[in-house]
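Enquirer: this is a predicted model, with the sequence first.
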Amino acid sequence: MGCFRSLSLYVACCRDQAPPSWAACDPAEADACCGAAGQKEFLGLVASVPVESSEQPRAVEVLWHFLRDIDPWSLDAWRLFASMGAQRANQQVTSKCVGAMTCRVLAPEIFREVVARSKPALGPGNFSEVGKDIASAEEYTAVRQAIFSCPFKAIRWSRQPRVRLEQLPPLYEGFPKRIEDNVYFMGHPDANTFACAGFFIRHEGHNILIDPPIAHPKLLEAVQQMGGVQHLCFTHVDHTGNATAWYEATKASRLMHKDDMVEAESKYTPFPVTKGFEHLLELKAGETTALEGLAEFQIIHTPGHTAGSIMFLYKKKFLFTGDSLHYSAVKGHLVAARVQCWQSWELQTQSLLVNIFQDFQWVLPGHGDWRRFESPGAARASLDRCVWWMKRQGRGRTWLPWYVIWIECRKLPPGLFTWLADSFLMTQGAKDSLPNWTLPSWFTSLVLLIPPAMLLFCAMPWTTLKRALPL
Ligand SMILES: [Fe+2]
């Protein structure tokens with residue numbers, strides 16, 4: 001604290017003696033000023049130096065020197081630290097990114113969507129990128145969450161903040177976090193569910209947890225204080241990774257569509273066995289039903305992403321879309337993830353045409369940007385635009401084994417090999433959604449056909465060839 005107070009005085013002296021810039025003061029002389037200004041004044045003074053100011057680098061140098069003397073648990077200290085982060089810490093999305101979009105949910109002010117085809121063919125083909133530097137303690141925490149929760153570990157510090165681990169505040173605090181009305185974001189996304197967003201609805205006697213995240217003891221305690229969980233609802237099989245842990249902790253009834261049920265454990269699938277779920281829906285595509293005892297909670301079968309994908313519409317306002325629908329800031333309307341379409345793109349498009357989608361205002365996906373529309377009419381117009389856009393994308397689906405190989409290839413440094421993986425492993429529809437330029441499918445098919453054609457040509461006896469060709 002001694003050094004810190006000295007610096008406070010030093011700052012105050014700089015101000016009182018009115019030197020026009022920080023560079024005019026020598027921190028080594030700070031001790032001579034000891035005794036007047038307090039911590040709060042100091043923090044306020046330095047944090048108010050704008051990032052773009054020519055004085056900031058000097059202020060940051062001074063602050064870094066004295067960081068160890070600041071109480072790391074005070075909010076002011078974190079504001080200050082984040083202010084320094086603007087100069088000293090930078091984050092980067094790497095080519096390991098496969099478009100889970102977790103970072104854009106956790107830190108929407110920092111990470112943004114990449115425009116398709118904006119990346120060079122041999123460069124990093126990440127789907128999200130850094131839009132701005134850290135400018136507040138909240139943003140710094142959000143970036144830490146993004147780095148921790150990204151299921152493919154595609155975010156890293158390009159310049160790491162110099163701070164001791166024991167000084168860092170808890171990564172997730174204050175969750176579940178209220179979104180609007182009685183709907184909450186659970187936070188704590190983890191790799192078990194490919195870091196999907198989980199949501200909690202606090203409805204007297206019918207508390208619902210949708211696509212639950214990691215069953216962290218603090219999260220369990222917080223939910224317990226809010227009345228516990230009575231229903232565990234899953235939009236589709238990809239998000240059931242934490243089903244067992246939450247069921248054991250809450251004994252809430254579990255609900256999903258039968259078409260996504262996992263009957264037996266397998267080393268080839270990361271999903272838990274779900275055949276014992278209390279509610280296994282047998283809805284047909286486009287059919288709807290309500291949660292038992294809660295008519296305000298509608299369930300819609302929307303296959304396409306997976307055969308058993310369902311959406312939840314609560315109070316005709318909140319639409320929980322799983323992986324079937326999300327918002328795109330770049331396109332300016334709702335979209336669906338073409339790369340991660342496992343069943344059928346045509347079916348996924350068709351699923352969005354049911355009448356129940358007349359009324360909603362919030363779109364809350366498992367992966368991808370959230371959106372609150374001004375009115376149900378605006379939401380409906382955006383959905384119409386989405387269907388129009390989807391009909392113009394390449395048909396088919398992404399074959400899951402190819403996708404797994406493609407993910408493995410993305411762990412390599414970006415270059416020729418990763419570009420070839422993009423070009424040869426993805427279908428044309430999926431390739432159109434990649435941020436980097438790829439070889440068109442007709443070319444890749446041609447390349448794949450040349451070796452067998454050559455072999456056939458060479459193996460054919462000369463006499464047969466003479467008969468076949470007009471020689
Ligand atoms: Fe999914």
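Expert: Ah, there it is.
Enquirer: please count neighbours and contacts with C-alpha atoms only from this point.
Expert: Noted.
Enquirer: before we move on, what SS does the closest residue to the ion within the stretch 101-250 of the chain have?
Expert: At 4.8 Å from the ion, Asp238 is the closest residue in the stretch 101-250 of the chain, using CA to the ion. State at Asp238, reduced to three classes by DSSP: H, G, I helix; E, B strand; the rest coil: helix.
Enquirer: hmm, Ile214 and Pro189 touching each other?
Expert: Yes - counting by CA atoms under 8 Å, Pro189 does reach Ile214; the two are 6.5 Å apart.
Enquirer: count of residues packed around the residue of the stretch 101-250 of the chain closest to the ion?
Expert: 21 (other CA atoms under 10 Å).
Enquirer: packing partners for the lengthiest helix in the chain?
Expert: The longest helix of the chain (DSSP state H) is helix 441-459. Applying 3 or more CA pairs under 8 Å, 6 or more residues apart in numbering; DSSP states H and E, one finds that helix 441-459 makes contact with helix 416-425.
Enquirer: what's the helix it packs on packed up against?
Expert: helix 400-409, helix 441-459.
Enquirer: which residues does the residue of the stretch 101-250 of the chain closest to the ion contact?
Expert: Counting by CA atoms under 8 Å, 6 or more residues apart in numbering, Asp238 makes contact with Thr193, Phe194, Phe271.
Enquirer: top of the residues you listed by neighbour count?
Expert: Ranking the contacts of Asp238 using other CA under 10 Å puts Thr193 first, with 24 neighbours.
Enquirer: the residue lying closest to it once chain neighbours are set aside: how many residues sit nearby?
Expert: Spatial nearest neighbour of Thr193, excluding adjacent residues (CA to CA, 6 or more residues apart in numbering): His239 at 4.6 Å. Neighbour count for His239, taken as other CA under 10 Å: 26.
Enquirer: so His239 sits right up against Ala191, yeah?
Expert: No - using CA under 8 Å, His239 is not in contact with Ala191; the gap is 9.9 Å.
Enquirer: circling back: looking at the contacts of Asp238, spot the one nearest Glu408.
Expert: Phe194 (15.1 Å; CA to CA).
Enquirer: so how far is Pro212 from that closest one?
Expert: Phe194 sits 12 Å away from Pro212, going by CA to CA, to the nearest Å.
Enquirer: give me the common contacts of those two.
Expert: Common neighbours of Phe194 and Pro212 (CA under 8 Å, 6+ apart) are His239.
Enquirer: could you pull out the helices for the stretch 251-400 of the chain?
Expert: 345-351, 376-391, 400-409 (DSSP state H, counting those that start in this stretch).
Enquirer: okay if I get those helices as JSON lines plus mean pLDDT, distance to Ala468 and mean neighbour count?
Expert: Shown next, in JSON lines, are those (pLDDT from 0 to 100; distance: least, CA to CA, whole Å; neighbours: other CA atoms under 10 Å):
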{"stretch": "helix 345-351", "mean pLDDT": "96", "distance to Ala468": "42", "mean neighbour count": "21"}
{"stretch": "helix 376-391", "mean pLDDT": "96", "distance to Ala468": "43", "mean neighbour count": "18"}
{"stretch": "helix 400-409", "mean pLDDT": "93", "distance to Ala468": "38", "mean neighbour count": "15"}
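Enquirer: please identify which of the ones you listed is closest to Phe152.
Expert: Per CA to CA, nearest to Phe152 of the helices of the stretch 251-400 of the chain: helix 400-409, 8.8 Å.
Enquirer: against which helices or strands is that closest one packed?
Expert: Using 3+ CA pairs under 8 Å, 6+ apart, helix 400-409 is in contact with helix 416-425.
Enquirer: what mean pLDDT does stretch 421-440 have?
Expert: Looking at stretch 421-440 alone, the average pLDDT works out to 92.
Enquirer: so which of the helices of the stretch 251-400 of the chain comes closest to Leu449?
Expert: Per CA to CA, nearest to Leu449 of the helices of the stretch 251-400 of the chain: helix 400-409, 18.9 Å.
Enquirer: give me the low-pLDDT residue ranges for the stretch 1-150 of the chain?
Expert: Applying pLDDT under 70 to the stretch 1-150 of the chain picks out residues 1-90.
Enquirer: and the residue of it nearest the ion?
Expert: Ala100 (9.4 Å).
Enquirer: ok, that residue - contacts?
Expert: Cys150, Pro151, Phe194, Ala195, Cys196, His367, Gly368.
Enquirer: between those residues, which is nearest Asn207?
Expert: Cys196 (19.6 Å).
Enquirer: what ranges do the strands span in the stretch 101-250 of the chain?
Expert: 111-113, 128-130, 155-159, 177-180, 183-185, 199-201, 208-210, 231-233 (DSSP state E, counting those that start in this stretch).
Enquirer: picking that back up, can you lay out the helices and strands packed on helix 416-425 as TSV showing distance to the ion?
Expert: As requested, those are exported to TSV (distance: least, CA to the ion, whole Å):
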stretch	distance to the ion
helix 400-409	11
helix 441-459	25
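Enquirer: nearest to Ser324, of those?
Expert: Of all the helices and strands packed on helix 416-425, helix 400-409 comes closest under CA to CA, at 16.4 Å.
Enquirer: starting at the chain centroid, how far to that closest one?
Expert: 19 Å (CA atoms, centre = their mean, to the nearest Å).
Enquirer: repeat that for stretch 381-401.
Expert: When C-alpha coordinates are averaged (CA atoms, centre = their mean), stretch 381-401 and its chain have centres 20 Å apart.
Enquirer: ok, back up a step: closest to Gly174 out of the helices and strands packed on helix 416-425?
Expert: helix 400-409 (33.2 Å).
Enquirer: okay, the angle between the closest one and helix 416-425?
Expert: Helix 400-409 and helix 416-425 are oriented at 170 degrees to each other (axes from the mean of the first three to the mean of the last three CA atoms, to 10 degrees).
Enquirer: I'm done for today, thanks for sticking with me.
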